[in-house]
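>>> Give me a model of this one.
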Amino acid sequence: MARVDFYLLRQSGPESRFAFACRLAEKAYRLDNTVHIHAANDSDARRLDDLLWTFRDGSFVPHEVLDRPDAEVEAPVRITSGSADVNVCDLLINLSDEIPACAGAFPRVAELVSSDETCKQESRKRFAAYREQGHTLETHNI
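Numbering: from 1, shown residues only. Presented below is the predicted three-dimensional model:
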């Protein structure tokens, strides 16, 4: 079972989730962890790709967008929006409104929740589903 951390952000909007995802991916990378970021769609995956280069002056987060399931992966941070099989990493950052099918295979999962009411409602559903599946749940106010 995975440890699932819900990060409750004070800011609203998807940009707050993207910015925090970049910070979290950078921190994990600096700790020699591999990261898989699951975006809601291809547009969000491309936006994250751009943000990981620009979110903070001086940051360097080696990453790549996985366009197809058979792609060879070398970067420690991977971004995808597909439901294809993925190589299990140390951390899954979920930016989708649904739990990725592969989530149970990761040792740690991060769920990022903005202050928008819709985002909170969707995260409550995921929280309940993770609890039913027996995962260890933690909540962090950011």
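>>> what bridges to the residue most central in space within the chain?
Centroid check for the chain by C-alpha atoms, centre = their mean gives Ile93 as the closest residue, at 1.7 Å. Residues in a beta bridge with Ile93, per DSSP bridges, are Ile37, Ala110.
>>> quick one, what contacts it?
Going by C-beta atoms under 8 Å, 6 or more residues apart in numbering, Ile93 touches 21, 24-25, 35-38, 109-110, 112. Where you see a C-beta, it was placed from the backbone N, CA and C, and this is true even at glycine.
>>> isn't Leu48 right next to His38, touching?
No - between Leu48 and His38 there is no contact under C-beta atoms under 8 Å: 10.2 Å.
>>> low-scoring pLDDT stretches of the protein, where are they?
67-72, 83-85 (pLDDT under 70).
>>> Tell me which stretches of it form helices.
Using DSSP state H, the helices found in the chain span residues 14-30, 42-54, 117-133.
>>> Please produce JSON lines containing the ones you listed, extended by mean neighbour count.
Listed next are these as JSON lines, based on neighbours: other C-beta atoms under 10 Å:
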{"stretch": "helix 14-30", "mean neighbour count": "19"}
{"stretch": "helix 42-54", "mean neighbour count": "16"}
{"stretch": "helix 117-133", "mean neighbour count": "14"}
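>>> Figure out which of those is closest to Val4.
Between Val4 and the helices of the chain, the tightest spacing by C-beta to C-beta is seen for helix 117-133, at 4.9 Å.
>>> which other helices and strands contact that closest one?
Counting contacts by 3 or more C-beta pairs under 8 Å, 6 or more residues apart in numbering; DSSP states H and E, helix 117-133 packs against strand 3-8, strand 108-113, strand 136-141.
>>> So which of those strands is the most surrounded?
strand 108-113 (a mean of 23; mean count of other C-beta atoms under 10 Å).
>>> Residues in contact with that one: which ones?
In contact with strand 108-113 (C-beta under 8 Å, 6+ apart) are residues 2-9, 17, 20-21, 24, 90-95, 103, 119-120, 123, 126-127, 130, 135.
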